[in-house]
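>>> Pasting a predicted model and its sequence here:
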Amino acid sequence: MLDKIEYAGNKLPDPIVLFVILSAIIILASYVLSLLNISAVNPATNEKVVVHNLLSKDGLIEILTGMVKNFSEFPPLGAVLVVMIGVGLADESGFFSVLMKRAVVATPKKIIIPSIIFIAIVGNVAADATQVVLPPIAAAVLMAFGYHPLVGLVVAYASTVGAFSANIMIGMTDTLAAGFTEIGAKAVNPDYVANPAMNYYFIAVSAFFLLIVATWVTYKFTIPRFGTYTGMAVEMEKITELEKRGLRWSGIAFLVFIIITLILVLPQNGILRNPETGSLIQDSPFMAAIVPLITIFFLIPGLFYGLGSKTIRSSKDFADMLGKAMSTMGPYIVLVFVTAQMLAYFSSSNLGPIIAIKGAEFLESVGFTGIPLFIFFIIFVGFVNILIGSASAKWAILAPIFVPMFMILGYDPAFTQAMYRIGDSITNPITPMLPYLVLLLSFAKQYDKKTGLGTLISALFPYTIFFGIFWILLLIVWYLLGIPVGPQGPIYLPS
């Protein structure tokens with residue numbers, strides 16, 4: 001089965017080409033369906049929604065004149081690039097890698113495995129850095145404690161990518177997801193505004209919940225599977241004095257930043273609170289400034305680590321690191337360009353609202369709502385994730401359909417996004433579409449040259465299964481209790 005999945009996934013074109021193909025399909029579909037007079041009635045407004053033919057005179061003019069605007073006004077673009085300034089500097093200066101190494105090395109044996117899992121989950125906020133840095137560190141550390149090094153590779157990788165949407169901090173992933181959710185929601189409510197923190201309550205609790213699940217899976221399946229290691233050890237580099245100094249400097253600077261932030265938000269008349277209501281969440285400067293605050297959250301420790309460890313010796317080093325960090329966003333920017341066009345065509349054609357309305361009517365007619373619908377949606381996203389590894393690519397395709405559909409059924413976009421993020425995470429460990437699986441294989445071959453992709457996937461598979469089961473159960477309990485998934489993130493749309 002896994003061989004067939006890998007074969008099918010490898011046959012898919014690059015996401016950039018995929019979105020070009022989807023754009024062409026949308027344009028052609030708008031022409032055909034307009035000839036068939038396909039329409040639907042929006043239950044929220046009782047207005048008739050008809051298909052807009054993009055191959056008409058007006059449609060072609062709209063495509064050509066709107067291309068630059070579609071790209072420049074794409075909601076996730078600015079937010080992600082701004083956050084990347086802070087995350088990128090923290091990565092390029094070496095702060096992320098040394099911080100993870102220090103945290104793992106300083107941990108007692110009794111809690112070493114849960115600690116690695118927790119660092120892996122929290123490390124998601126560093127985006128790709130954790131998937132590259134932590135597995136080899138975990139392998140070396142666990143081998144020093146008497147475990148097979150492949151246990152360290154597997155548990156670190158599975159916890160990082162399998163719990164990808166669980167964290168106690170808000171990062172670039174939250175910002176990216178919220179941008180696409182907002183686009184989808186505007187099909188039903190043009191005034192809807194998403195915020196990166198709208199899933200925070202749920203993902204924060206999920207982080208600790210999945211920590212328990214991953215620890216149990218590791219002791220139950222992973223450790224017994226690999227047994228005792230008899231090969232040669234691969235030595236892990238020690239933390240230098242300069243790196244230690246960099247960590248001290250970054251810690252002090254980060255503490256100062258937190259104190260200043262608390263001064264701005266804790267008092268009832270704090271600058272970042274709503275000046276009229278005093279709310280920290282509802283229509284507050286704090287929520288409006290969440291993206292710049294996340295950027296500063298990473299920029300300050302990254303900068304002071306670099307100064308203390310002397311990886312940043314001049315303003316030129318600082319500028320070069322920022323430039324190098326942003327240069328890695330080139331493929332993302334190209335992907336955003338084609339994605340923005342596709343979503344603009346999808347929105348203009350009215351295919352999204354029509355599919356959402358008719359899909360919602362079908363689900364209601366067969367009684368497929370509530371918990372069965374949630375489970376179906378999460379599993380569906382999980383299967384799509386195996387074939388399309390990019391979280392942004394998947395949500396760009398699915399959000400314009402499912403966010404409006406769930407809104408018509410009465411569910412808030414924040415709750416739909418929370419369900420999506422579960423499905424987007426649980427199959428990450430076993431999908432060959434993530435390039436880090438191949439990187440993990442190269443790490444594994446350092447300890448056992450006979451290790452193959454099947455070895456890793458079979459060891460990672462239990463994490464996918466049990467993350468899926470228990471994370472869905474957590475969501476169901478959350479739904480039954482009616483707890484908001486985050487600030488401005490209720491389960492149901494306001495009546």
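That came in fine, so what should we check first?

>>> Measure how far stretch 416-423 is from the centre of its chain, please.
Relative to the centre of its chain, stretch 416-423 is centred 10 Å away, using Cα atoms, centre = their mean, to the nearest Å.

>>> I meant stretch 391-398, not that one.
Worked out by Cα atoms, centre = their mean, stretch 391-398 lies 11 Å from the chain centre.

>>> Look up the closest residue to residue 156, ignoring the ones flanking it.
Closest residue in space to residue 156, ignoring its immediate chain neighbours: residue 138 at 3.9 Å, by Cβ to Cβ, 6 or more residues apart in numbering. All C-beta spots, glycine's among them, are computed from the backbone N, C-alpha and C.

>>> before we move on, which element is that neighbour in?
helix 128-144 (DSSP states H and E).

>>> helices or strands next to that helix in the packing?
helix 95-105, helix 112-122, helix 149-162, helix 436-445 (3 or more Cβ pairs under 8 Å, 6 or more residues apart in numbering; DSSP states H and E).

>>> Could you give the separation of the last one from the chain centroid?
In this case it means helix 436-445. 22 Å.

>>> Past that helix, which element shows up next along the chain?
helix 453-481.

>>> helices or strands up against that following helix?
By 3+ Cβ pairs under 8 Å, 6+ apart, helix 453-481 packs against helix 2-11, helix 149-162, helix 200-217, helix 370-387, helix 413-426, helix 436-445.

>>> quick one: which of those is nearest residue 96?
With respect to residue 96, and counting by Cβ to Cβ, the nearest of the helices and strands packed on helix 453-481 is helix 149-162 at 12.3 Å.

>>> Give me the phi and psi for residue 196.
Note on residue 196: its backbone torsions stand at phi -60, psi -20 [degrees, to the nearest 10].

>>> so what's it up against?
Residue 196 makes contact with 79, 170, 174, 175, 177, 178, 290, 291, 294, according to Cβ atoms under 8 Å, 6 or more residues apart in numbering.

>>> if we go to 10 Å?
Neighbour list for residue 196: 79, 83, 170-179, 287, 290-291, 294, 486-487 [criterion: Cβ atoms under 10 Å, 6 or more residues apart in numbering].

>>> Ok, residue 351 next?
Taking Cβ under 10 Å, 6+ apart, one finds 26, 29, 30, 33, 38, 49, 51, 52, 54, 345, 400, 401 in contact with residue 351.

>>> quick check, the first one in a strand?
This points to residue 26. No. Residue 26 is assigned helix when assessed by DSSP: H, G, I helix; E, B strand; the rest coil, not a strand.

>>> Check the spacing between the residue nearest to it when sequence neighbours are not counted and residue 31 real quick.
Distances taken as Cβ to Cβ, 6+ apart put residue 345 closest to residue 26, at 4.7 Å, once the chain neighbours are dropped. Distance, residue 345 to residue 31, using Cβ to Cβ, to the nearest Å: 12 Å.

>>> Likewise for residue 49?
Distance from residue 49 to residue 31, by Cβ to Cβ: 17 Å.

>>> neighbour-wise, which of the two wins?
residue 49 (19 against 16; other Cβ atoms under 10 Å).

>>> State whether that one is indeed within a helix.
No. Under the criterion used here (three-state DSSP), residue 49 is strand, not part of a helix.

>>> looking at it, it is touching residue 39, isn't it?
Yes. Residue 49 is in contact with residue 39 according to Cβ atoms under 10 Å; the separation is 6.1 Å.

>>> What are the neighbouring residues in contact with the residue most central in space within the chain?
In the chain, the centroid-proximal residue (Cα atoms, centre = their mean) is residue 173; its distance is 3.7 Å. Residue 173 makes contacts with 80, 83, 124-125, 127, 164-165, 167, 196, 199, 203, 391-392, 421, 424-425, as judged by Cβ under 10 Å, 6+ apart.

>>> what distance separates stretch 377-396 from the centre of its chain?
11 Å.

>>> just for the stretch 51-200 of the chain, where's the confidence low?
Along the stretch 51-200 of the chain, segments meeting pLDDT under 70 span 75-76, 100, 103-105, 125-129, 132-133.

>>> So residue 55, which state does it fall into?
Relying on three-state DSSP, one would call residue 55 coil.

>>> Look up how far residue 353 lies from the residue nearest to it when sequence neighbours are not counted.
Leaving aside its chain neighbours, residue 55 sits nearest to residue 31 (4.4 Å; criterion: Cβ to Cβ, 6+ apart). In this view, residue 31 and residue 353 are 18 Å apart by Cβ to Cβ.

>>> next one: residue 141
With Cβ to Cβ as the criterion, residue 141 and residue 353 are 52 Å apart.

>>> One more: residue 229?
57 Å.

>>> Neighbour count: these two, which is higher?
residue 353 (22 against 18).

>>> about what we covered before: lowest average pLDDT across the helices and strands packed on helix 453-481?
Of all those, mean pLDDT reaches its minimum on helix 2-11 (a mean of 53).

>>> Tell me who's in contact with residue 311.
Residue 311 neighbours (Cβ under 10 Å, 6+ apart): 92, 93, 94, 95, 98, 242, 243, 246, 302, 305, 317, 321.

>>> Only the buried residues of the helix or strand where residue 40 lies, if you could.
According to DSSP H and E, residue 40 maps onto strand 39-41. By neighbour count on 16 or more other Cβ atoms under 10 Å, the buried set for strand 39-41 is residue 40.
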